[in-house]
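> Here is my input; please provide its structure:
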Amino acid sequence: MIPASTVSGASPRHRRGLWPRRTRVAVALCGCAPHRGGSPCGRTGSGPRPGRVRRAGPALALFALFAALFGLLLWALSARDGAPIGPDRVLHHWAVAHRSADLTAVAHLLDSTGAGPLPYIAVMLAGWTGCAHRTASRREVSAALGAVVILLTGQAVRLAVVFALARPRPPVTDWAVLSTDWAFPSGYATTSVLTAGLLAWAVLRSDAPRGAVRFDVLACLLWAAAISATRIYLGVQWPTDELGGWLLGTAWLALTLPILSGLAGPAGRTL
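Sure, this is the predicted structure:
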């Protein structure tokens, strides 16, 4: 947070909470410097060096929130030995009943982007481009490798939960694509959320026009949501498997993005 003394005309009673909450969260996750005028993602103005304004508090609070929600969902599934809960059966049966050849072909194509080498290439590029312009190549390499490590470690945590809970998938007769291992949390959802989050992190740190940033971030989120929808549509995941992947992925991003921001150095964008 910028010291109130650097802002002209700030009275003592307005110094506390000077920056909006969403700005403080973005500062913690992306390592961007708050703009002096207070408008998010501003292009001009001066402020303290980004390394001095990053705060772990908001990021840790987000991690605690989503980790707690993930823990509650895991506890609820464990209490039922992995059996479907809530709207799992209803949504699953609806998706299976409304399949068509054209939609299934599109779902297969989209589903293929959520696994394999593509997410790893994407996060590597995100780490590389998330560095400030004209930074040393060593820092760019470190950030690129750091982004890949975030994806790998997030998957490692997921696998630990997968084999600990051993939740069965929906009936094989409902599958429209082959799948392996246990169901919860969804590997595709976890991977797509981590990938989309890292890409959005890189975009938010860039000096691209504000409209382009919003479009790119929205596209990342929609892609991750579409991956989860296809897994339910193809009949290989329960909806709560996808929810678990989103909660786990978001918690892992909240925990690790501040570290990656430190590796990447000062951001090109100010908040």
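> From residue 131, how far off is the spatially most central residue of the chain?
Centrality entry for the chain: nearest residue to the mean C-alpha point is residue 197, 3.3 Å, by Cα atoms, centre = their mean. Separation of residue 197 from residue 131 (Cβ to Cβ, to the nearest Å): 17 Å. All C-beta spots, glycine's among them, are computed from the backbone N, C-alpha and C.
> With residue 109 instead?
32 Å.
> So which elements touch the host helix or strand of residue 246?
For residue 246, the host element (DSSP states H and E) is helix 239-264. Here helix 239-264 touches helix 21-30, helix 56-79, helix 88-97, helix 117-129, helix 137-165, helix 187-204, helix 210-233, going by 3 or more Cβ pairs under 8 Å, 6 or more residues apart in numbering; DSSP states H and E.
> For residue 175, find the nearest of the ones you listed.
For residue 175, the closest of the helices and strands packed on helix 239-264 is helix 88-97, at 9.4 Å, according to Cβ to Cβ.
> Might you calculate how far the helix or strand that that closest one is followed by sits from the centre of the chain?
Using DSSP H and E, the helix or strand that follows helix 88-97 towards the C-terminus is helix 101-111. Distance of helix 101-111 from the chain centroid (Cα atoms, centre = their mean, to the nearest Å) equals 24 Å.
> Any stretches of the protein with poor pLDDT?
The model of the chain has pLDDT under 70 over residues 1-55, 132-136, 267-271.
> Can you list the buried residues in stretch 85-96?
88, 91-92, 95-96 (16 or more other Cβ atoms under 10 Å).
> what's the distance between residue 69 and residue 243?
For residue 69 relative to residue 243 (Cβ to Cβ), the value is 9 Å.
> Neighbour count: the two, which is higher?
residue 243 (21 against 17; other Cβ atoms under 10 Å).
> on that earlier part again, out of the helices and strands packed on helix 239-264, the one nearest residue 262 is which?
Across the helices and strands packed on helix 239-264, closest to residue 262 is helix 137-165 (Cβ to Cβ), at 9.1 Å.
> List the buried residues for the closest one?
140, 142-144, 146-151, 154-155, 158, 161-162, 165.
> Tell me the helices and strands packed up against it.
Counting by 3+ Cβ pairs under 8 Å, 6+ apart, helix 137-165 packs on helix 56-79, helix 117-129, helix 187-204, helix 239-264.
> winner for burial among these?
Mean neighbour count (mean count of other Cβ atoms under 10 Å) peaks for helix 187-204 among the helices and strands packed on helix 137-165, with a mean of 26.
> Which neighbouring elements make contact with it?
Helix 187-204 packs on helix 21-30, helix 117-129, helix 137-165, helix 210-233, helix 239-264, going by 3+ Cβ pairs under 8 Å, 6+ apart.
> would you list these in JSON lines and tack on distance to residue 63?
JSON lines is the format used below for the helices and strands packed on helix 187-204 (distance: least, Cβ to Cβ, whole Å):
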{"stretch": "helix 21-30", "distance to residue 63": "10"}
{"stretch": "helix 117-129", "distance to residue 63": "19"}
{"stretch": "helix 137-165", "distance to residue 63": "12"}
{"stretch": "helix 210-233", "distance to residue 63": "19"}
{"stretch": "helix 239-264", "distance to residue 63": "4"}
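> Mind checking those for the one nearest to residue 83?
The nearest among these, by Cβ to Cβ, is helix 239-264 at 10.5 Å.
> just the angle between that closest one and helix 56-79, please?
If you take axes from the mean of the first three to the mean of the last three Cα atoms, to 10 degrees, helix 239-264 sits at 150 degrees to helix 56-79.
> Centre of the chain to helix 239-264, how far?
Put simply, helix 239-264 sits 5 Å off its chain's centre (Cα atoms, centre = their mean).
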